[in-house]
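Asker: sequence unavailable; structure follows:
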């Protein structure tokens, strides 16, 4: 059994655990600010890891706590079996600050960011490291469930050694609680943006997805328990709409910086538009002053001008696409009507025109409103209709050649081609 070192003095880190010790498989980084009593369960879950203390290390950063968090970390470091370093620093003002401190001290082949409010499944680290080693991937997502709060679920349908970040739902979980290959982070000098109080983890994780040699999903075991604090001290509950819209814009800019315009960029843009931006223009606008809505529209305008494209719109369902179209067109009155209709127990009527189907939300077909019919159009699945049309065209070219394609379309119709491809 390895011997732990005492906690560092305030403002410093104890590096005496590093010399002579083998490189651990994983460095668990815990940033903690006034985390009691939740920290107790968090640390117990670290100690219970089946990967064993000889294959891991804990780096705990007390970010200016005043509730005994620092003392609890020192006790764990002194008495536990897991090699532990404790850093005490002045409050950084953001979740990214202590994570960056821990990342700078990490020695493991992999790092895992564990929030002090949450806890791990006993086999979490063993399973995540095994997956990364087996698949050769740089990021591994472990199944997450909520405790007294919600948690994303769509990406946990099956365990996957190599998930496509563009077509799978992994893009909808951008929290930091994942396994990252440290070499990737070091090579690209990746750090959390300390100026952001919200959304810093989304930027970090999306960049890792884009730079990674692969992303894996462990879905057959609950690796992470995301805890809802009864005291309401989650940072996400204390930030206002300017910071939330700015976080959406920062994520859009990151995606645009890494990908040229086109389908892959559009697919990733779905995430900031639907998860970050859309809630700012959801039912909350019915409860807040119109002046606030106008300010939100001003803040969102440059984002819509730069990143809202027909490709993104085609990947969304009508209840998502239509309000965002109102935002893009700066139609506050229409937006309020659409959001109010969405709250109704009665679904909007379906209308068929020219072989297409629409949801007749307010202002459908109203020239004065200036909202295009495409915003109301029902697609078989987000973006699927366009994909089917492209497949139908390619199939027709293979069968009859490009020169006879126009005649074939006139004979059987575009919609018939789509149906034939769907049935094939």
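Answerer: Yep, it's here. These figures come from a predicted structure and were not determined experimentally. Numbering: from 1, shown residues only.
Asker: surely residue 340 meets residue 287?
Answerer: No: judged on C-beta atoms under 8 Å, residue 340 makes no contact with residue 287 at a distance of 11.3 Å. Quick note: C-beta positions are derived from backbone N, CA and C, even for glycine.
Asker: those two: who's more crowded?
Answerer: residue 340 (14 against 7; other C-beta atoms under 10 Å).
Asker: what's the neighbour count on the spatially closest residue to that one that is not a sequence neighbour?
Answerer: Leaving aside its sequence neighbours, residue 340 sits nearest to residue 286 (C-beta to C-beta, 6 or more residues apart in numbering; 6.2 Å). Residues contacting residue 286 under the criterion other C-beta under 10 Å number 12.
Asker: now swap in residue 254 and tell me
Answerer: 18.
Asker: any idea how far residue 210 is from it?
Answerer: Between residue 254 and residue 210 the distance is 8 Å, computed by C-beta to C-beta, to the nearest Å.
Asker: and residue 157, by the same measure?
Answerer: 23 Å.
Asker: leaving out sequence neighbours, find the closest residue to the residue positioned nearest the centre of the chain.
Answerer: Nearest to the mean C-alpha position of the chain, by C-alpha atoms, centre = their mean, lies residue 174 at 2.5 Å. Nearest non-adjacent residue to residue 174, counting by C-beta to C-beta, 6+ apart: residue 202, 3.9 Å away.
Asker: name the residues that touch the helix or strand hosting the one you found?
Answerer: Using DSSP states H and E, residue 202 sits within helix 200-211. Contact with helix 200-211 is made by 94-96, 113, 138-139, 165, 170-171, 173-176, 178, 180, 184-185, 188, 190-194, 196, 215, 247, 250-251, 254-255, 258-259, 268, 271-272, 276, as judged by C-beta atoms under 8 Å, 6 or more residues apart in numbering.
Asker: quick one: list the elements packing against the longest strand along the chain.
Answerer: In terms of residue count, the longest strand belonging to the chain (DSSP state E) is strand 215-227. Applying 3 or more C-beta pairs under 8 Å, 6 or more residues apart in numbering; DSSP states H and E, we find strand 215-227 packed against helix 38-47, strand 119-120, helix 124-135, strand 139-147.
Asker: got the buried residues for it?
Answerer: 215, 216, 217, 218, 219, 222, 223, 224, 225, 226, 227 (16 or more other C-beta atoms under 10 Å).
Asker: and the next helix or strand after that strand, how far from the chain's centre?
Answerer: Under the assignment DSSP H and E, the closest C-terminal helix or strand after strand 215-227 is helix 241-258. Remark: helix 241-258 is offset 12 Å from the chain centroid, using C-alpha atoms, centre = their mean, to the nearest Å.
Asker: check what pLDDT residue 93 gets.
Answerer: pLDDT for residue 93: 86.
Asker: how about residue 309?
Answerer: 97.
Asker: neighbours of the residue nearest to it when sequence neighbours are not counted, how many?
Answerer: What sits nearest to residue 309 in space, not counting adjacent residues and going by C-beta to C-beta, 6+ apart, is residue 266, at 6.0 Å. By other C-beta under 10 Å, 22 other residues sit near residue 266.
Asker: check which residues of whichever strand or helix holds residue 266 are buried.
Answerer: Element membership of residue 266 [criterion: DSSP H and E] is helix 263-271. By 16+ other C-beta under 10 Å, the buried positions in helix 263-271 come out as 264, 265, 266, 267, 268, 269, 270, 271.
Asker: can you list those residues in TSV and add distance to residue 78 and pLDDT?
Answerer: Shown next, in TSV, are the buried residues of helix 263-271 (distance: C-beta to C-beta, whole Å; pLDDT from 0 to 100):
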residue	distance to residue 78	pLDDT
264	50	97
265	50	98
266	52	98
267	49	98
268	45	98
269	48	98
270	48	98
271	43	97
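Asker: ok, residue 157 and residue 210, which is more surrounded?
Answerer: Neighbour count, other C-beta under 10 Å: between residue 157 and residue 210, residue 210 has more, with 16 against 11.
Asker: quickly list the domain ranges of the chain.
Answerer: 26-237, 241-376, 388-423 (automatic domain parsing).
Asker: picking that back up, how far does the longest strand of the chain sit from its chain's centre?
Answerer: The answer for strand 215-227 is 14 Å, by C-alpha atoms, centre = their mean.
Asker: may I see the helices and strands packed on strand 215-227 organised as TSV, with distance to residue 362 added?
Answerer: As requested, those are exported to TSV (distance: least, C-beta to C-beta, whole Å):
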stretch	distance to residue 362
helix 38-47	45
strand 119-120	46
helix 124-135	48
strand 139-147	34
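Asker: of the ones you listed, give the one that comes closest to residue 304.
Answerer: Nearest to residue 304 among the helices and strands packed on strand 215-227 is strand 139-147; the distance by C-beta to C-beta comes to 29.8 Å.
Asker: now do the buried residues in that closest one.
Answerer: For strand 139-147, the buried set under the neighbour-count rule, 16+ other C-beta under 10 Å, comprises 139, 140, 141, 142, 143, 144, 145.
Asker: which one of those is nearest residue 282?
Answerer: residue 144 (23.6 Å).
Asker: skipping adjacent residues, who's closest to the closest one in space?
Answerer: Nearest one to residue 144, counting by C-beta to C-beta, 6+ apart, is residue 224 at 4.3 Å.
Asker: could you give the bridge partners of that neighbour?
Answerer: For residue 224, the beta-bridge partners are residue 120, residue 144 (DSSP bridges).
Asker: if I pick it, what's in contact with it?
Answerer: Residue 224 is in contact with 118, 119, 120, 121, 124, 142, 143, 144, 145, 177, counting by C-beta under 8 Å, 6+ apart.
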